[in-house]
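Colleague: Coordinates only, no sequence provided:
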């Protein structure tokens, strides 16, 4: 058995299944969906490129990996290690090469666990040594060229070519990223004709890979997955969190102006533009997290004013009891994670608009009861992201139609992702082998693949194997 994961970066579940049901993805229907599995699934929060690859490659959420976003700020390192290269991070550009190194050391990547495993156009390659990272040097140049020319078909085509090259030699596992859907969505919107053409091109690529394996006599012994890391939504308005912080006498440290550190009282680290981590300096400096009560003394009305902004949908902050307070215009709740149990206590009205949920939830029950809502799996996802030491003191999730970054985004993003909303969190999960149709998370694919390959599943992961139907 071999396993191949094709990641269609930015593929929305609703757009994908609309095209599939209209017969516009015939190769995916023929080779995968008709006889195998075709489901909606929930990605991880933040729903953004890079961190949302981690479930596929480690079986763990970004919080467990301590890689809580495309950008993050390490308060302790910032305070105590003036010359440390791990004080803050932005995985946009060259720093993307550090993502694998930044993962918690006890978390193993699939490249460390599976012999003969290969990576194409994927920045998280820890363990892919000896030439198994097929785009170690070329990835960044393809990305820069496509960024400058808007020709994102080029890396898609290169990804297909390199996939066939690896399959000619043979492998047990292959992870290939196709960036075109995501990038054209950012440049236009998720249903633009250029974006839909990328879905259709990918359909042809799936057919080419399947035909190759079939002619080689290896189709039946191959588990082929087509997945996505996040969706996107059209962005009509940009909200500047930095300006908001400045207005509240909380001047922020942020990318790309990382050399301007003097006098900063906050740090703002945006991911996918649909969410951000905010960190606050308190009376102990940057050495510890700032909880809600202390923040309300440092900056009275700050949280209230955030909630009054149309761009801000969900505000989450650490509380003094070690849990998370979740606020929205709809209501408020408190979340506390205890091992594999989630305690969810609503104060008044539910901030996500859920019907009444049980106070105590296990991971599957949390997913089952919220799967069809506007905020699938949100309590579980928020509880997990705040377990990361590098996560913010406050985490914002943008309202649909808005993002949280006004300046320094070139070219302007006309679609965004990263938030807790279903348009960002729901993604397709398709495989040529049949699995049960329970509500699933993308993190479940990792243990499913290891089980199929006969490799022991690590005990610390967050995913639950999908069972053959």
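Modeller: In hand now; what should we look at? The shown structure was predicted, so the numbers you read here are calculated from the model rather than taken from an experiment.
Colleague: could you say which helix or strand contains residue 99?
Modeller: Remark: residue 99 resides in helix 99-102, with elements defined by DSSP states H and E.
Colleague: and residue 334, what does it touch?
Modeller: 319, 323, 324, 325, 326, 343, 344, 345, 347 (CB atoms under 8 Å, 6 or more residues apart in numbering). C-betas here are computed from N, CA, C, even on glycine.
Colleague: Over to residue 76?
Modeller: Contacts of residue 76 by CB under 8 Å, 6+ apart are 286, 287, 288, 389.
Colleague: Check the burial of the last one by counting its neighbours.
Modeller: What it means is residue 389. A count of neighbours around residue 389, defined by other CB atoms under 10 Å, yields 15.
Colleague: does it belong to a helix or a strand, and which?
Modeller: For residue 389, there is no host helix or strand (DSSP H and E).
Colleague: gap between residue 125 and residue 233?
Modeller: 30 Å (CB to CB, to the nearest Å).
Colleague: the strands in the stretch 51-200 of the chain, which residues?
Modeller: 71-73, 88-90, 117-120, 173-178 (DSSP state E, counting those that start in this stretch).
Colleague: closest to residue 380 out of the ones you listed?
Modeller: Comparing those against residue 380 with CB to CB, the closest turns out to be strand 71-73 (20.5 Å).
Colleague: How about the contacts made by the nearest residue to residue 6 once chain neighbours are set aside?
Modeller: Among residues not flanking residue 6 along the chain, residue 226 sits closest, at 5.0 Å (CB to CB, 6 or more residues apart in numbering). Applying CB under 8 Å, 6+ apart to residue 226 gives the contacts 6, 8, 28, 32, 202, 206, 428, 430, 431.
Colleague: change it to 10 Å
Modeller: 4-8, 11, 16, 25, 28, 31-33, 36, 38, 178, 202-203, 205-206, 209, 428-432 (CB atoms under 10 Å, 6 or more residues apart in numbering).
Colleague: Residue 145 versus that one, what's the distance?
Modeller: 26 Å.
Colleague: before we move on, what about residue 288?
Modeller: 43 Å.
Colleague: can you put the strands of the stretch 51-200 of the chain in CSV and add mean neighbour count?
Modeller: As requested, the strands of the stretch 51-200 of the chain are exported to CSV (neighbours: other CB atoms under 10 Å):
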stretch, mean neighbour count
strand 71-73, 25
strand 88-90, 22
strand 117-120, 26
strand 173-178, 25
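Colleague: Redo the ones you listed as CSV? Include mean pLDDT and distance to residue 43.
Modeller: Formatted as CSV, the strands of the stretch 51-200 of the chain follow (pLDDT from 0 to 100; distance: least, CB to CB, whole Å):
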stretch, mean pLDDT, distance to residue 43
strand 71-73, 97, 18
strand 88-90, 96, 21
strand 117-120, 98, 19
strand 173-178, 98, 15
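Colleague: Could you dump those strands into TSV with distance to residue 262 added?
Modeller: TSV is the format used below for these (distance: least, CB to CB, whole Å):
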stretch	distance to residue 262
strand 71-73	16
strand 88-90	15
strand 117-120	40
strand 173-178	39
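Colleague: closest one to residue 362 among those?
Modeller: strand 71-73 (28.6 Å).
Colleague: what packs against the closest one?
Modeller: The elements that strand 71-73 packs onto, with contact taken as 3 or more CB pairs under 10 Å, 6 or more residues apart in numbering; DSSP states H and E, are strand 88-90, strand 252-254, strand 266-271, strand 275-280.
Colleague: Okay, now the unreliable bits of this protein?
Modeller: Along the chain, the model assigns pLDDT under 70 to no residue.
Colleague: Pop the domain breakdown of it in here.
Modeller: 2-67+103-233+424-453, 237-416 (automatic domain parsing).
Colleague: In the chain, where's the longest helix?
Modeller: helix 193-215 (DSSP state H).
Colleague: What residues of that one count as buried?
Modeller: 194-196, 198-199, 201-203, 205-207, 209-210, 213 (16 or more other CB atoms under 10 Å).
Colleague: From these, pick the one nearest residue 269.
Modeller: residue 195 (27.4 Å).
Colleague: residue contacts, the residue most central in space within the chain?
Modeller: For the chain, the residue sitting closest to the mean C-alpha position, by CA atoms, centre = their mean, is residue 52 at 2.4 Å. With contacts defined as CB under 10 Å, 6+ apart, residue 52 is in contact with 7, 9, 43-46, 61-62, 70, 228-230, 271-272, 417-418, 424-425, 427, 442-443.
Colleague: so what's the residue lying closest to it once chain neighbours are set aside up against?
Modeller: Nearest non-adjacent residue to residue 52, counting by CB to CB, 6+ apart: residue 229, 3.8 Å away. For residue 229, the contact set (CB under 10 Å, 6+ apart) comprises 7-11, 43-44, 47-56, 177, 182, 417, 427, 442.
Colleague: element containing residue 229?
Modeller: Counting by DSSP H and E, residue 229 is found in no helix or strand.
Colleague: if I look at it, how far off is residue 445?
Modeller: For residue 229, the distance to residue 445 - CB to CB - is 11 Å.
Colleague: joint contacts of these two?
Modeller: With CB under 10 Å, 6+ apart, residue 229 and residue 445 have common neighbours 55, 56.
Colleague: residue contacts, the closest residue to residue 160 other than its chain neighbours?
Modeller: Using CB to CB, 6+ apart and skipping residues adjacent in sequence, the residue nearest residue 160 is residue 205, 4.7 Å away. Contacts were defined as CB under 10 Å, 6+ apart; by that measure residue 205 touches 6, 8, 27-28, 156-157, 159-161, 163-164, 176, 178, 226.
Colleague: Write the PyMOL selection for whichever of the contacts of residue 76 are buried.
Modeller: Burial among these is assessed by 16+ other CB under 10 Å; the matching PyMOL selection reads:
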select buried, resi 286
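Colleague: contacting residues around residue 192?
Modeller: Residue 192 makes contact with 184, 185, 198, 234, 414, 415, according to CB under 10 Å, 6+ apart.
Colleague: Compute the number of surrounding residues for the second one.
Modeller: By that I understand residue 185. Residue 185, neighbours per other CB under 10 Å, totals 29.
Colleague: And for the fifth one?
Modeller: In terms of burial, residue 414 registers 17 neighbours under the definition other CB under 10 Å.
Colleague: May I have the phi/psi pair for it?
Modeller: Dihedral angles phi and psi of residue 414 (degrees, to the nearest 10) take the values phi -100, psi 0.
Colleague: before we move on, what about residue 303?
Modeller: phi -70, psi -40.
Colleague: Could you do the one 10 residues further on as well?
Modeller: According to degrees, to the nearest 10, the main-chain angles of residue 313 amount to phi -100, psi -60.
Colleague: pretty sure it is touching residue 418, no?
Modeller: No - applying CB atoms under 10 Å as the test, residue 313 and residue 418 come out as separate, 11.6 Å apart.
Colleague: Report the beta-bridge partners for the nearest residue to residue 255 once chain neighbours are set aside.
Modeller: When the adjacent residues along the chain are set aside, residue 255 lies closest to residue 90, with 4.6 Å between them (CB to CB, 6+ apart). Beta-bridge partners of residue 90, counted by DSSP bridges, are residue 71.
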